[in-house]
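Chemist: let's see this in three dimensions:
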Amino acid sequence: MPQGPGGVIILADQSLQILEPETKRAIAFVDGQNLYHHARAAFDVTHPNYDVLALTRKICQSKGWFFKAARFYTGTPELTDDPKWHNFWAKKLLAIKRQGVHVYSRRLRYRDTEVTINGRSHTITVGEEKGIDIRIALDCVSLALSNDLDVAVIFSQDQDMSEVVDEIKKIARLQRRWIKVACAYPISPTATNRRGINGSEWVPFDESTYKSCIDHRDYR
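Modeler: Numbering: from 1, shown residues only. A predicted model of the protein is given here:
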């Protein structure tokens, strides 16, 4: 969407100019598993040791956005499938909730898949998240529609979220107001993915930023 001087957004029909708000209310939407896997690749972390509230607040404040709230989404294993990680997430999610963060969790679903190792085929069981991306997308669109945010900050590099960006741009046009979608993600020379969500404002953060927002309690 083209912008004129002073952050004014010019609509395609040129019939209306939308002023960028002085105070931009930001809500963070964190895909816990996506953030962990990319932080592991970028910073060599051994488990999801981020402090959700500290990290989301820091990223928003670094951009001059008013941090309004954080929402956290993750898949978790059943106790019978993986006792270690089930107990880890039970404790961590409780701590996150006590910070005032909205938490949405779903049980991981497991399936067998074929992989090739050293030229030989093996069957391994992998856990998959179901419904996390959809829940994040629905919440982003719902909160944009209800005028509860000006900036949706998505902590995920899943390109399926580009559809959320498109929908929120439509909402901005229909409501004739300024709304932004940003994508925050870890970056380093070892990062396996250096791209944010298409159509969003990319907000990469480095290891020093991540380490300043670590939860030092080890729930393992």
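Chemist: element containing Ser142?
Modeler: Secondary structure from DSSP states H and E places Ser142 in helix 132-145.
Chemist: so after that helix, what's the next helix or strand?
Modeler: Helices and strands here follow DSSP H and E; after helix 132-145, the next one along the chain is strand 151-155.
Chemist: now for that following strand, which elements pack on it?
Modeler: Under the contact criterion of 3 or more Cβ pairs under 8 Å, 6 or more residues apart in numbering; DSSP states H and E, strand 151-155 touches strand 25-31, helix 52-62, helix 132-145, helix 162-175, strand 180-186. For glycine as for every other residue, the C-beta is placed from the backbone atoms N, C-alpha and C.
Chemist: have a look at the protein and report the helix or strand with the lowest mean pLDDT.
Modeler: strand 9-10 (a mean of 40; mean pLDDT, DSSP states H and E).
Chemist: what mean pLDDT does the next helix or strand after that strand get?
Modeler: Using DSSP H and E, the helix or strand that follows strand 9-10 in sequence is strand 17-18. The pLDDT scores in strand 17-18 average 78.
Chemist: partner strands of strand 17-18, parallel or antiparallel?
Modeler: Each strand paired with strand 17-18, and its direction, by DSSP bridges: strand 9-10 (antiparallel).
Chemist: residue nearest the centroid of this structure?
Modeler: Phe155 (2.1 Å; Cα atoms, centre = their mean).
Chemist: dig out what that residue forms beta bridges with.
Modeler: Phe155 has the following beta-bridge partners by DSSP bridges: Val30.
Chemist: any idea how far Cys140 is from it?
Modeler: 12 Å (Cβ to Cβ, to the nearest Å).
Chemist: buried residues in the strand ranked longest in the chain, which are they?
Modeler: Longest strand in the chain, counting residues (DSSP state E): strand 66-76. Neighbour counts using 16 or more other Cβ atoms under 10 Å place Phe67, Lys68, Ala69, Ala70, Arg71, Phe72, Tyr73, Thr74, Gly75, Thr76 of strand 66-76 among the buried residues.
Chemist: got those as JSON lines, with pLDDT and distance to Ile59 columns?
Modeler: Below are the buried residues of strand 66-76 laid out as JSON lines (pLDDT from 0 to 100; distance: Cβ to Cβ, whole Å):
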{"residue": "Phe67", "pLDDT": "98", "distance to Ile59": "9"}
{"residue": "Lys68", "pLDDT": "98", "distance to Ile59": "13"}
{"residue": "Ala69", "pLDDT": "98", "distance to Ile59": "13"}
{"residue": "Ala70", "pLDDT": "98", "distance to Ile59": "10"}
{"residue": "Arg71", "pLDDT": "98", "distance to Ile59": "14"}
{"residue": "Phe72", "pLDDT": "98", "distance to Ile59": "14"}
{"residue": "Tyr73", "pLDDT": "98", "distance to Ile59": "17"}
{"residue": "Thr74", "pLDDT": "96", "distance to Ile59": "18"}
{"residue": "Gly75", "pLDDT": "93", "distance to Ile59": "23"}
{"residue": "Thr76", "pLDDT": "94", "distance to Ile59": "24"}
